[in-house]
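> predicted structure and sequence below. I'll ask about it afterward.
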Amino acid sequence: MVGKVIRSEADFSKWFMNNFISLGYSKIIRKYNGTFPDFIMEKNGKNVKVELETRASHFILHGHDKTKVDEVICIKKDVKLDVPLIEISELKFIPRIERISATIDEGTSKKIEKLIKDKKYRNKSHFIEDAINLLIEEGNKK
């Protein structure tokens, strides 16, 4: 367990399901299914709503409602939250992907939104990935 690398929130969820007892929970009532909160656990005979975040700041970034969760478990406590926060410092978070932002004009944004609406791309990130791959391919042809 010491020094284990977590690459995504899905990895963190798997780790949690294998280690929840060591964190003081006795049973999983409802496990991760893509809804908020991630888990409903049993702890000291009570149901506890638990949200997992690789970084505590992601709780804010994802727009979660602090009144609908009892505890947040994170790998990196990079902000203070108004809910009980448990940091699993023996884990190391190294993301598979790095998030970046891009500044685009309104016209470009509308064109990308149309491609998403037409189901050619799931979101802007996937569009950007394809654009970068095309640029690399063009560069390799030269």
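All right, it came through fine.
> next helix or strand past the strand of greatest length in the chain?
Taking residue count as the measure and DSSP state E as the definition, the longest strand of the chain comes out as strand 46-55. Taking DSSP states H and E as the definition, the helix or strand that follows strand 46-55 towards the C-terminus is helix 57-61.
> quick check: phi and psi at Tyr32.
Here is the backbone geometry of Tyr32 (degrees, to the nearest 10): phi -50, psi 130.
> the one 10 residues further on too?
When read as degrees, to the nearest 10, the backbone of Glu42 gives phi -100, psi 130.
> now do it against Phe16, distance only.
Taken as CB to CB, to the nearest Å, the spacing of Glu42 relative to Phe16 amounts to 14 Å. Backbone N, C-alpha and C define where each C-beta goes, glycine included.
> same question for Glu129.
As it turns out, when the distance is counted by CB to CB, Glu129 lies 29 Å from Phe16.
> just the terminal-to-terminal distance for stretch 116-127.
The first and last residues of stretch 116-127 sit 8 Å apart, counting by CA to CA, to the nearest Å.
> from the chain's centroid, how far away is stretch 13-27?
Here the centre of stretch 13-27 is set off from its chain's centre by 18 Å, with CA atoms, centre = their mean, to the nearest Å.
> what's the first-to-last distance across it?
Across stretch 13-27, the straight-line distance between its terminal residues is 15 Å, by CA to CA.
> where does Asp118 fall, phi/psi-wise?
Per degrees, to the nearest 10, the residue geometry at Asp118, taken as phi and psi, is phi -80, psi 10.
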